[in-house]
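**Student:** one predicted model, sequence on top.
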Amino acid sequence: MDANTTKVCQIIDRLCQLARDAGREDLSRRMSATRLRVVDPSARVVVVGQLKQGKSQLINALLNVPVCRMGDGETTSTITTIGYAEEPHARLIVSDSAQDVIDSDARPGPVQTEGERAIPIPMDDISRDLARAPEAGGAQVLRLEVHVPSPLLQRGIVLVDTPGSGGVGSPHAAATLGLLAASDAIIVASDVSQEYTAPEMSFIRQVTELCDNALCVATKTDLYPMWRDVVAADVAHLRRQSNDVDPLPVSSLLRSHAIRLDDRDLNEESGFPGILEFLETRVLAQASTTMRRLVMNEIRSVTDHLSLAVRPELETLKDPGAREAIVAELERARTEARELSSRTALWQQVLGDGIADLSAESDHDLRNRTRRLLKDYESRIDAGDPAKFWTQLGEDLKNDIAEAVGDNFIWTHDQSLAVAERVADSFSDTGDVAIPRLDLAAIGHEISPQTGLTDLEQQPTGVVHKVVTGMRGSYGGMMMFGMMSTMVGMTMLNPFSVAAGVLLGRKSYKEDAEMRLTRRRSEAKMAVRTFVDDVLFEVGRESRYRLRTIQRVLRDHFREIAEQTTRSLTESIKAAEDGARTQVADRDARSRRLEASLGFLDEVSAWAAGGCREHVG
Ligand SMILES: Nc1nc2c(ncn2[C@@H]2O[C@H](COP(=O)(O)OP(=O)(O)OP(=O)(O)O)[C@@H](O)[C@H]2O)c(=O)[nH]1
Ligand SMILES: [Mg+2]
């Protein structure tokens, strides 16, 4: 803990004590939560990409510890978080709730309050495939948490290795935009064996829209001598998309050799210093600024609450004769309290309307996107014989739908932030209102940087929907590319029936050919439409659930602020009355105590305000 952190903690501890003395457990709880953030800051960096792009080896080489399962025959099957601990240890986090099923849209509400259970796992076992570990006893494996001593992790970085996306038959393998929306930085890995593919390009676009800190790495440069050409082509693709990101060429193999041989030049050549610089100057720096601002805001707000109770009492103690002034003060406080409650009604309306509108608009947005796609695909089918390009068509549709759903997610995410801001605005007169960090992924949990991994992973929301079971998992946190098992069903549905033609005579075969083509086309269109409908249905339901959860988080957050303010005012009225009644003998001692507290509160308030200005402006 550095000197600054120690100072902040001391201040927080004293505020906690003052809050408890004043009987305000609500405020002391708020301070305790803040303290946790101060002592355990973390910036979550998620590594994503398609299958076998070298994500896991990149993490291992970065830390110089073999923490991630990797290799030709091995694959990352579980989301793995790697954080710091002096003693290496690992735990498997499994779901601990009997899923309660929502069987229809008409019965919304919290789908499940997901409990989690941690099962310690020997470090030797972390390279096993743990997705179906017997230790879990059949419960769903949510993630693997590994802790190792590493200077980089000690500074507050938590790395997250994700299963490669695009794996055939592994819909859950997709890293999710939900996970990404809740992360502090994203590293997108793609090896230099080939240029960016179309799905990778749309994914990179979505990632950069969702997260300010995105780094693209071009991996395995040692393996492909032509890597410079590939990277140049990638840059050209990115520029066409008006994306000014530059992929960073790296080689995990060279990095490992460099560390083993203690070879500086080789380390430079591996490209890893670039990743470290990214983590240092972008991720850690930004995380600490954000954290500082949040902490300062919390401290200032709690200080204000506490001063509110102390000041009136002190004033009446000093001048008990000023009855009129006291009455006026009480009146003012009461009016303020009443105003506040009318504002409360206003923000609740803003919130309710905002979410309801957003839900409808989000649905509309997705429908528009898919309608356009449907049209395109129908013209494609009409332009030829779908039997001939059916597999390709399915592949393209899968990617296009994933992109549309991803864009819809980002749009809805942005809009929900805007709703949060509007709600905060209707609060604005009551002082600084911290907008809760809208980790769409962390929703349903306490809002803190540590949470977030739980709600968004592959937890089934309890619905067993036969057709689209696969995509539900990844949509549980919105989807990326390559996730829809529905496509498996679609490719099996083959409109091209061979047997019939062989048995028919030549002439009649020719006559029938026209008819069969027409039938194939209409079957193909039907299949595409059914698929899109299934997607709309699932996504719509998931999206509504998410928005309801956002609404609940925002409502609780602002309600708490409103209640705290009302409570502070009530306490201040009471304190003023007490002050006027205090016996002359006790007055001096009480005044001295209150003055000391107030002096401290004023000082902290000014300090916190300074800190805020310093970093906000
Ligand atoms: N030569 C070379 N090979 C690499 C490098 N990075 C990864 N590989 C190889 O590429 C293969 C895949 O590496 P992983 O790290 O498992 O890739 P991944 O993206 O985590 O794969 P999944 O988790 O299955 O999606 C392994 O055989 C690695 O040895 C590199 O920098 N150089
Ligand atoms: Mg991997």
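**Tutor:** Received the coordinates, thanks. Ligands and ions are numbered 1, 2, ... in the order given.
**Student:** name the helix or strand for I381, please.
**Tutor:** Element membership for I381 (DSSP states H and E) is helix 323-382.
**Student:** what helices or strands is that helix leaning on?
**Tutor:** helix 285-318, helix 386-425, helix 506-581 (3 or more Cβ pairs under 8 Å, 6 or more residues apart in numbering; DSSP states H and E). Any C-beta I mention is one placed from the backbone N, CA and C, and that applies to glycine too.
**Student:** how about JSON lines for those helices, with mean pLDDT and mean neighbour count added?
**Tutor:** Output for these, formatted as JSON lines (pLDDT from 0 to 100; neighbours: other Cβ atoms under 10 Å):
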{"stretch": "helix 285-318", "mean pLDDT": "80", "mean neighbour count": "20"}
{"stretch": "helix 386-425", "mean pLDDT": "81", "mean neighbour count": "19"}
{"stretch": "helix 506-581", "mean pLDDT": "76", "mean neighbour count": "17"}
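**Student:** any chance of the ones you listed in CSV, plus distance to ligand 1?
**Tutor:** As requested, these are exported to CSV (distance: least, Cβ to the nearest ligand atom, whole Å):
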stretch, distance to ligand 1
helix 285-318, 25
helix 386-425, 17
helix 506-581, 24
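**Student:** quick one: closest of the ones you listed to ligand 2.
**Tutor:** Nearest of these to ligand 2, taken as Cβ to the ion: helix 386-425 at 20.3 Å.
**Student:** state the distance from A345 to ligand 2.
**Tutor:** 51 Å (Cβ to the ion, to the nearest Å).
**Student:** my error: substitute D246 in the last question.
**Tutor:** 24 Å.
**Student:** same check on V235?
**Tutor:** With Cβ to the ion as the criterion, V235 and ligand 2 are 25 Å apart.
**Student:** does stretch 59-76 reach ligand 1?
**Tutor:** Yes: interface with ligand 1: stretch 59-76 contributes M70, G71, D72, T75, T76 (Cβ under 6 Å from any ligand atom).
**Student:** among those, give me the pair with the biggest separation.
**Tutor:** D72 and T76 (13.0 Å; Cβ to Cβ).
**Student:** tell me which of these two has more neighbours.
**Tutor:** T76 (25 against 6; other Cβ atoms under 10 Å).
**Student:** domain ranges for this protein?
**Tutor:** 42-97+111-270, 319-582 (automatic domain parsing).
**Student:** weakest of those domains in terms of mean pLDDT?
**Tutor:** When the domains of the chain are ranked by mean pLDDT, domain 319-582 comes last with a mean of 65.
**Student:** quick check: end-to-end length of that one?
**Tutor:** 11 Å (Cα to Cα, to the nearest Å).
**Student:** which residues of the stretch 151-300 of the chain lie near ligand 1?
**Tutor:** P163, G164, T219, K220, D222, L223, S251, S252, L253.
**Student:** helices of the stretch 151-300 of the chain, start to end?
**Tutor:** With helices called from DSSP state H, counting those that start in this stretch, the stretch 151-300 of the chain shows them at 151-154, 177-181, 198-210, 227-240, 252-261, 264-270, 272-277, 285-318.
**Student:** can I get the residues of stretch 59-76 next to ligand 1 in TSV with distance to ligand 2?
**Tutor:** Converted to TSV, the residues of stretch 59-76 next to ligand 1 look like this (distance: Cβ to the ion, whole Å):
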residue	distance to ligand 2
M70	5
G71	9
D72	11
T75	6
T76	3
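**Student:** out of the residues you listed, who's nearest T412?
**Tutor:** Checking these against T412 with Cβ to Cβ, the nearest one is T76 at 28.4 Å.
**Student:** looking at the stretch 151-300 of the chain, which residue is nearest ligand 1?
**Tutor:** G164 (2.3 Å; Cβ to the nearest ligand atom).
**Student:** would you confirm that that residue contacts Q53?
**Tutor:** Yes: taking contacts as Cβ atoms under 8 Å, G164 lies within contact range of Q53: 6.7 Å.
**Student:** follow-up on the earlier one: got a markdown table for the helices of the stretch 151-300 of the chain, with distance to R544 too?
**Tutor:** Putting the helices of the stretch 151-300 of the chain into a markdown table (distance: least, Cβ to Cβ, whole Å) gives the following:
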| stretch | distance to R544 |
| --- | --- |
| helix 151-154 | 38 |
| helix 177-181 | 15 |
| helix 198-210 | 21 |
| helix 227-240 | 35 |
| helix 252-261 | 42 |
| helix 264-270 | 47 |
| helix 272-277 | 39 |
| helix 285-318 | 30 |
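**Student:** check contacts around P66.
**Tutor:** With contact taken as Cβ atoms under 8 Å, 6 or more residues apart in numbering, P66 is in contact with N60, S127.
**Student:** again, only using 6 Å
**Tutor:** N60 (Cβ atoms under 6 Å, 6 or more residues apart in numbering).
**Student:** please renumber the chain so that the first residue is 55 from this point on.
**Tutor:** Got it, the first residue is 55 from now on, which makes the last one we talked about P120.
**Student:** tell me how far it lies from ligand 2.
**Tutor:** For P120, the distance to ligand 2 - Cβ to the ion - is 12 Å.
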